[in-house]
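Trainee: just a sequence and a predicted model for now, questions to come.
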Amino acid sequence: MLEHHFRLCARTIGVDQRLASLILDCEKAMAEFPKDSDRRWYWRLEDQHRRLLAPDLRMIVAVATRLAEETPALAPPLAAALRPLVAQRADFAGFQARLARMSQRAAKEQAIAR
């Protein structure tokens, strides 16, 4: 339930579109990869591409946090949706801290604008 709520919130702010853009970037990089280069880099691109096609919750949290960094007004609802998940998944605490800082900045900017 908590994960579902966060995923809905992330979709609302455009995570699906950003993932699609990242998938295209990966595909372009793979298509343009020089044939005589170290294949380990190509394999990393393939792995990233595979992960983007089936993103786990951590990937969604990371991409959503990045979107909030680009548009701080997105941080407050995202932080609220992530807060209950952090109680279950301590590995998300860093993302929550970043979102909380952005939420505070967004609130200050709104107060100044009034």
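Mentor: Noted; the coordinates are in hand.

Trainee: next, the buried residues of the longest helix along the chain.
Mentor: Ranked by number of residues, the top helix in the chain under DSSP state H is helix 93-113. Within helix 93-113, the residues that count as buried by 16 or more other Cβ atoms under 10 Å are 95-96, 98-99, 102-103, 106. The C-beta positions use only the backbone N, C-alpha and C, and glycine is treated the same way.

Trainee: look up the closest residue to Thr65, ignoring the ones flanking it.
Mentor: Among residues not flanking Thr65 along the chain, Phe95 sits closest, at 4.8 Å (Cβ to Cβ, 6 or more residues apart in numbering).

Trainee: show me where the chain has its helices.
Mentor: Counting by DSSP H, the helices of the chain are 2-12, 15-31, 39-53, 57-70, 75-88, 93-113.

Trainee: and the pLDDT for the spatially most distant residue from the centre of the chain?
Mentor: In the chain, the residue that sits farthest from the middle, by Cα atoms, centre = their mean, is Asp36; the gap is 32.8 Å. Looking at Asp36, its pLDDT is 89.

Trainee: now do Ala97
Mentor: On the pLDDT scale, Ala97 is placed at 95.

Trainee: among the buried residues of helix 93-113, which pair sits farthest apart?
Mentor: The largest separation in the buried residues of helix 93-113, counting by Cβ to Cβ, is between Phe95 and Ala106 at 16.1 Å.
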